[in-house]
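S.K.: got a sequence here, can you model it:
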Amino acid sequence: MDEKSKGFTTVDEYIASFPEDAQTKLQELRATIKAAAPEAVEKISYQMPAFFLKGNLVYYAAWKKHIGFYAIPSANEAFKDELSAYTVSKGAVQFPLDRPLPVDLITRMTRFRVAENLARAQARQAEE
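M.R.: Model (predicted):
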């Protein structure tokens, strides 16, 4: 995994740098986010896969024993009861590699972030 120190240029490159079990989870998470936010643009940011739509939407990353999902603190707060089964910090959720991804929850969190970003962009536009 020496490539990590050099930096990734594509999400495919990022995902390919991990073991197969992590790659499977990353691809599932990627597809879930794409389905929930089809207008979002995918890119590498902070050396992690990220989606942008009128600003930062969500990020994700693979770690040794979990997949990190970074939906910004507001989504973690809005879904805190449902996230209680996972390790959660202010802006991150850890989904263990040895358990199924909560696809429905990830979908709803992503859609929450889409609505948040679009509302913020609309408010900024109204101020102009």
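S.K.: quick one: average pLDDT of the helix ranked longest in the chain?
M.R.: Using DSSP state H, we find that the single longest helix of the chain is helix 103-127. Predicted confidence along helix 103-127 averages 93 (mean pLDDT).
S.K.: and stretch 63-79, by the same measure?
M.R.: 93.
S.K.: what does stretch 90-99 give?
M.R.: 93.
S.K.: pull up the distance across that stretch, start to finish.
M.R.: In stretch 90-99, first residue to last residue: 22 Å (CA to CA, to the nearest Å).
S.K.: which of the residues in the longest helix of the chain are buried?
M.R.: Neighbour-count burial for helix 103-127 flags 105-106, 108-110, 112-114, 116-117 (criterion: 16 or more other CB atoms under 10 Å). C-betas here are computed from N, CA, C, even on glycine.
S.K.: dump the residues you listed to a markdown table, plus distance to Thr9.
M.R.: Formatted as a markdown table, the buried residues of helix 103-127 follow (distance: CB to CB, whole Å):
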| residue | distance to Thr9 |
| --- | --- |
| Leu105 | 30 |
| Ile106 | 25 |
| Arg108 | 31 |
| Met109 | 27 |
| Thr110 | 24 |
| Phe112 | 30 |
| Arg113 | 25 |
| Val114 | 26 |
| Glu116 | 29 |
| Asn117 | 25 |
